[in-house]
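Q: coordinates for the following, if possible.
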Amino acid sequence: MVKKFIDFNDSETKLEDLIDLYFIAKETGVQRVIDLANKENLPIPYEAFFDLENTKLTGGVLLLKEIDLKDFEKFLEDLSYALKKDVDSIVRALLWDSLLNTGK
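A: Model (predicted):
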């Protein structure tokens, strides 16, 4: 999942990748994937996920079982929330480091 997650921005089949991420996140949790990517210092494509409503979802998916659309929407909301929280923590850390380095 981490590989799919960090490669999402470069993906040609975004719909398939989102569906894959949805099913994997049901088992592992979104925050776990973010934590693993951060632990390995892998670049998370925040912009690609934050701009999903303006992203053309390409590709197709052959499903073996139906997806509950409300549950899928909740996954997207949870993903967005977790990523925004992660960005907030990065910004706070950068600002804190900046304040420490300026002696304020």
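Q: per-residue pLDDT, L62?
A: What the model reports for L62 is a pLDDT of 86.
Q: roughly how far does it sit from E40?
A: 31 Å (Cβ to Cβ, to the nearest Å). Yep, even glycine has a C-beta here, placed from its N, CA and C like the rest.
Q: how about Y22?
A: Y22 is 22 Å from E40, by Cβ to Cβ.
Q: the helix ranked longest in the chain packs against which elements?
A: Longest helix of the chain, by residue count under DSSP state H: helix 69-102. Contact partners of helix 69-102 among helices and strands, from 3 or more Cβ pairs under 8 Å, 6 or more residues apart in numbering; DSSP states H and E: helix 14-28, helix 30-39, helix 46-50.
Q: which among the ones you listed is found nearest to D68?
A: Relative to D68, the nearest member of these by Cβ to Cβ is helix 14-28, separated by 10.1 Å.
Q: any weak-confidence spans in the chain?
A: For the chain, applying pLDDT under 70 flags the ranges 11, 13, 96-104.
Q: adding distance to I90 and mean neighbour count, write the helices and strands packed on helix 69-102 out as JSON lines.
A: Output for the helices and strands packed on helix 69-102, formatted as JSON lines (distance: least, Cβ to Cβ, whole Å; neighbours: other Cβ atoms under 10 Å):
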{"stretch": "helix 14-28", "distance to I90": "21", "mean neighbour count": "16"}
{"stretch": "helix 30-39", "distance to I90": "9", "mean neighbour count": "16"}
{"stretch": "helix 46-50", "distance to I90": "9", "mean neighbour count": "15"}
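Q: redo the ones you listed as JSON lines? Include distance to K84.
A: JSON lines is the format used below for the helices and strands packed on helix 69-102 (distance: least, Cβ to Cβ, whole Å):
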{"stretch": "helix 14-28", "distance to K84": "16"}
{"stretch": "helix 30-39", "distance to K84": "11"}
{"stretch": "helix 46-50", "distance to K84": "8"}
